[in-house]
Each structure stands twice: as structure tokens, then as C-alpha cells.
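Q: What follows is a predicted protein model with its sequence.
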Amino acid sequence: MLTKLHEEKVFKDPVHHSIYVQDLTVWKLINTPEFQRLRRIRQLGTSYLTFHGAEHSRFSHSLGVYEITRKVISQFERNGYGDWPQEEKLLSLCASLLHDVGHGPFSHSLEQIFGTDHEEWTCNVVLGDTEINRVLREVDPEFPNKVAAVIRKKYEKPIVVSLVSSQLDADRMDYLLRDAYFTGVNYGTFDLDRILRMLRPFQGKIVVKDSGMHAVEDYLMSRYQMYWQVYFHPVTRSSEILLRQIFRRASELLSSGYEFSFMLAPIRSLLSRSVTLEQYMKLDEAMVQTAFGQWSEERDELLSDLCRRFLNRQLYKYAPLTGEYREWLDDVRSQWRSIGLDPSYHMEVDTPEDSPYDVYKPGALPDGKEKPPILLLDKRDQLTEISVQSDIIRSIAGLHRGNYYIYYPEERLLPHAHLLSPETRARLSI
């Protein structure tokens with residue numbers, strides 16, 4: 001049941017101008033410690049080391065996703081679309097607001113390191129002994145379970161899930177606009193208002209009126225450009241490599257019985273993969289970077305060097321890998337050892353294909369791992385998958401393009417350049 005605030009609350013926002021909170025439950029959720037923690041987690045992980053303006057938080061993004069969802073539902077209600085289940089409004093708003101509450105420090109980078117899943121942590125927050133859970137249970141004892149079902153994409157009404165998680169959802173629309181704004185690029189801009197006006201609830205799905213196809217083309221091209229110009233930027237990948245190596249080295253040291261001069265309990269539990277929900281909620285980027293600052297003075301030279309590099313932005317240089325290079329890489333490892341470098345830490349081959357982002361996929365897999373396609377609704381109430389109608393979308397649908405790079409500490413190589421093979425010097429431009 002919706003309980004209105006006596007007076008609506010308004011957040012000023014650089015992307016949506018204003019974000020309106022009219023419901024008491026939503027306002028209470030925003031003010032929980034678990035949601036406020038998102039202020040201390042950056043939306044784009046280590047991208048601030050590439051784009052200095054990318055300091056925006058998961059908190060602001062989550063508010064933006066809520067606002068887009070609110071606008072979509074308001075449009076459905078104003079136009080009296082009968083296929084929208086009005087009783088699901090509060091559930092949709094709460095799920096959109098809370099969809100990222102389980103993110104840890106540096107977001108997806110942390111997930112790759114420790115094999116965690118922010119959606120499962122989000123459900124743990126929603127269902128566990130938290131203030132968020134208590135607020136949700138004030139609505140109904142089963143309400144937390146419904147929110148978790150939406151986040152897990154298993155709720156009985158797919159139309160609710162698709163608002164929060166689909167190939168044209170409030171999450172993606174907000175992060176494209178927000179990430180473009182804060183990184184200072186133009187690639188992520190598209191006509192949000194036009195898309196929102198063209199959305200329709202139809203036969204248990206959210207579809208797009210066919211006259212809105214070109215606005216969706218623009219949105220998908222923006223996603224394509226943002227992935228290759230921002231999310232897959234090789235400098236950002238270099239910083240993510242250092243982050244992974246820091247945690248890998250710290251985990252190795254901890255398991256070997258090494259005595260750290262500085263260690264916080266939540267980080268120790270994270271490294272040992274035994275972190276509890278209470279500890280996880282204490283983890284934020286301020287805590288992690290405090291640890292890195294202390295570890296930069298650790299006795300272990302490798303860990304201290306990695307931490308100093310990350311904190312001072314002394315990132316690994318990168319070079320593209322072209323042609324046949326696998327035998328050369330084996331030789332490089334031997335060369336690295338001969339000059340005192342550890343190839344498991346001072347060299348890494350990377351491709352953005354392992355990223356959690358994708359552009360657009362026209363079909364959903366039967367196991368439900370892929371999100372349903374974008375459907376166009378014509379005047380005869382017929383549905384067509386969008387890439388059938390659009391040459392532009394068809395050209396990028398399911399597209400995989402992985403550029404391989406080798407990352408290495410250039411300044412450690414230069415004094416020993418004469419010991420490197422001519423091929424190595426040529427490939428690395430040394």
C-alpha cells in the first residue's frame with residue numbers, strides 16, 4: 001500500500017534535473033544506512049583514474065534509476081494503459097531504488113576478483129537483518145521477498161522485472177546518461193524523454209511503439225560508443241589489473257600466514273572469502289583505499305609497489321597484441337624472469353570481452369541468462385523484434401570485438417632494454 005509523504009521531497013540532479021520522492025517507504029529506504037553507504041562507492045569503479053570527473057556514486061545512480069522508473073509508471077497511469085498492473089507501483093519503485101545496494105567497493109572489479117555477485121548481495125541486504133528489510137516489512141511481511149524476486153528476475157510478473165532489468169531498462173538508461181555526463185563525453189547522450197513517451201505495457205511486457213524506433217537506435221548506438229570509448233578504455237583496464245593484483249597478492253600473503261602491519265577486519269574477511277553481511281556493509285572505497293595507503297609501506301615489496309602504483313596512478317603501460325603472439329608471450333615470461341620481474345604480476349594479457357557490459361542481443365537464451373529483446377509495437381498490435389526492422393541495430397546486435405593488450409611496468413624494463421629480444425622491443429616500442 002502506498003503511503004504518501006505530507007510533502008514530496010526533491011533531489012536536485014545534474015542528469016534528470018529533479019528527482020521526486022512522494023512515497024513514505026521510498027523516503028525511508030533512502031535514509032537507511034545500507035542505502036547511504038552507496039554514497040561511498042563510485043559508479044564507475046577505477047574509471048576516475050582515466051576520466052577525472054568520474055567520481056559519481058552508486059547512490060546518485062540508484063536515485064536516477066528510481067526516477068526513470070517513476071516517470072515510466074506515471075506515463076502509463078496518465079494514459080490509462082490497462083496492461084500495467086497498478087498495484088505493482090511501489091514494488092517497482094523499491095526494486096529500482098535498491099537494485100545496486102549490494103555493490104561492493106570498485107563494483108564489478110571486486111566481483112571479478114572474489115567471484116561475488118552484487119545482485120545476490122543485494123538480495124542478502126533486502127532479506128537479511130538490515131534496516132532496509134525492516135522498512136520493507138512495514139509494507140507487508142512478504143514485501144522483501146517480492147523485491148528480491150524482482151532483482152533475481154524471477155518475479156511472477158515479467159513486466160515489473162523488465163522495468164529494472166531488460167535491454168531497455170531504467171538502469172541502463174540512467175547509467176549511460178550519467179556516465180557520459182561525469183566522464184565529459186558525448187557518446188552516451190540520447191533522447192530519454194522520447195523513449196519514455198514511446199514505451200507501452202503490452203501483454204505482460206514493456207514494448208516500444210514503432211514510431212520510437214529511431215530513438216532506440218540512438219540509445220543503442222550510445223551504448224556501443226560508451227563501451228568502447230569509456231567502459232573498455234585500456235587505461236581503465238590497466239587500473240583494474242593493478243586492483244586485481246593487489247587483492248590477489250594480499251590474499252596470497254594472508255593464506256601463507258604473513259603478518260600484516262595493518263589489517264581491518266572486514267578486509268581480512270573479504271580476502272579469506274568469509275565476509276558476513278554485517279562486514280560487507282562496512283566495506284566501502286574509503287576503507288579499501290585506507291588499507292592500500294597502509295599497505296604501500298608493507299614489508300612485502302610486491303604488495304607495497306602495487307599499492308603505490310594504484311594510489312599514485314603509476315599504471316602499467318599497454319601495447320596491442322597483433323598477429324601471432326602466443327609463442328612470443330612464452331618467450332616474454334622467460335625474459336621477464338631474467339631481468340628480475342615476476343611474469344605473474346608484471347605482465348598481463350587482457351581483453352574487454354570479459355566485461356559485464358554488452359551492446360544488444362536480439363534473442364533470449366532458454367536458460368534465462370540473456371535479457372529479452374526489444375520489441376516494437378505497430379498499429380495492428382503486432383510485435384516485431386527491433387533488429388528485424390532496423391539495419392543499424394542489426395549491424396551491432398551480438399557484436400563481439402575484443403582487442404588484446406599486454407600490460408607491463410615500462411619503467412622496470414627500460415634499464416634492461418638491451419637484454420630484451422628485438423621482437424619484444426619492437427612490439428613494446430622500447
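A: It's in. Computed from a prediction, not measured in an experiment: that's the story for all the values here.
Q: how about the strands in the protein?
A: If DSSP state E is used as the criterion, the strands of the chain fall at 4-13, 17-23, 199-202, 205-209, 317-320, 348-350, 375-377, 383-385, 405-408.
Q: mind giving me TSV with these and columns for mean neighbour count?
A: C-beta here means a position set from N, CA and C on the backbone, and glycine is covered the same way. Rendered in TSV, the data for the strands of the chain read as follows (neighbours: other C-beta atoms under 10 Å):
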stretch	mean neighbour count
strand 4-13	11
strand 17-23	16
strand 199-202	20
strand 205-209	20
strand 317-320	16
strand 348-350	18
strand 375-377	21
strand 383-385	16
strand 405-408	21
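Q: got those as CSV, with distance to Gly80 and mean pLDDT columns?
A: What follows is these, written out as CSV (distance: least, C-beta to C-beta, whole Å; pLDDT from 0 to 100):
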stretch, distance to Gly80, mean pLDDT
strand 4-13, 21, 95
strand 17-23, 20, 97
strand 199-202, 11, 96
strand 205-209, 15, 95
strand 317-320, 55, 95
strand 348-350, 51, 92
strand 375-377, 16, 96
strand 383-385, 21, 94
strand 405-408, 53, 96
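Q: between those, which gets nearest to Trp84?
A: Evaluated over the strands of the chain, closeness to Trp84 peaks at strand 199-202, with 4.0 Å, by C-beta to C-beta.
Q: Check which helices and strands the closest one sits against.
A: Strand 199-202 is packed against helix 58-78, strand 205-209, with contacts defined by 3 or more C-beta pairs under 8 Å, 6 or more residues apart in numbering; DSSP states H and E.
Q: at 10 Å instead, please
A: Identification of packing neighbours for strand 199-202 by 3 or more C-beta pairs under 10 Å, 6 or more residues apart in numbering; DSSP states H and E yields helix 58-78, helix 158-164, strand 205-209, strand 375-377.
Q: So which of the ones you listed has the densest surroundings on average?
A: Mean neighbours per residue, mean count of other C-beta atoms under 10 Å, is largest over the helices and strands packed on strand 199-202 for helix 158-164, with a mean of 23.
Q: Dump it to CSV, keeping only the CA atoms.
A: Output for helix 158-164, consisting of C-alpha atoms alone and laid out as CSV, is shown next (Å, rounded to 0.1, in the frame of the first residue of the first chain):
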residue,chain,number,x,y,z
PRO,A,158,7.9,-10.1,-16.0
ILE,A,159,6.6,-6.6,-16.8
VAL,A,160,7.8,-5.5,-13.4
VAL,A,161,11.3,-7.1,-13.9
SER,A,162,11.7,-5.5,-17.3
LEU,A,163,11.4,-2.0,-15.8
VAL,A,164,14.5,-2.7,-13.7
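Q: quick one: that helix to chain centroid distance?
A: Using C-alpha atoms, centre = their mean, to the nearest Å, we find the averaged C-alpha position of helix 158-164 to lie 19 Å away from the chain's own average C-alpha position.
Q: Distance to Asp129 for the helices and strands packed on strand 199-202 - can I get that in a markdown table?
A: Output for these, formatted as a markdown table (distance: least, C-beta to C-beta, whole Å):
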| stretch | distance to Asp129 |
| --- | --- |
| helix 58-78 | 21 |
| helix 158-164 | 24 |
| strand 205-209 | 34 |
| strand 375-377 | 41 |
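Q: Please identify which of those is closest to Ala180.
A: Ranking the helices and strands packed on strand 199-202 by distance to Ala180, with C-beta to C-beta as the measure, places helix 58-78 first at 12.5 Å.
Q: got the strands of the chain as JSON lines, with distance to Ser274 columns?
A: Formatted as JSON lines, the entries for the strands of the chain read as follows, by distance: least, C-beta to C-beta, whole Å:
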{"stretch": "strand 4-13", "distance to Ser274": "37"}
{"stretch": "strand 17-23", "distance to Ser274": "37"}
{"stretch": "strand 199-202", "distance to Ser274": "44"}
{"stretch": "strand 205-209", "distance to Ser274": "40"}
{"stretch": "strand 317-320", "distance to Ser274": "35"}
{"stretch": "strand 348-350", "distance to Ser274": "27"}
{"stretch": "strand 375-377", "distance to Ser274": "44"}
{"stretch": "strand 383-385", "distance to Ser274": "45"}
{"stretch": "strand 405-408", "distance to Ser274": "31"}
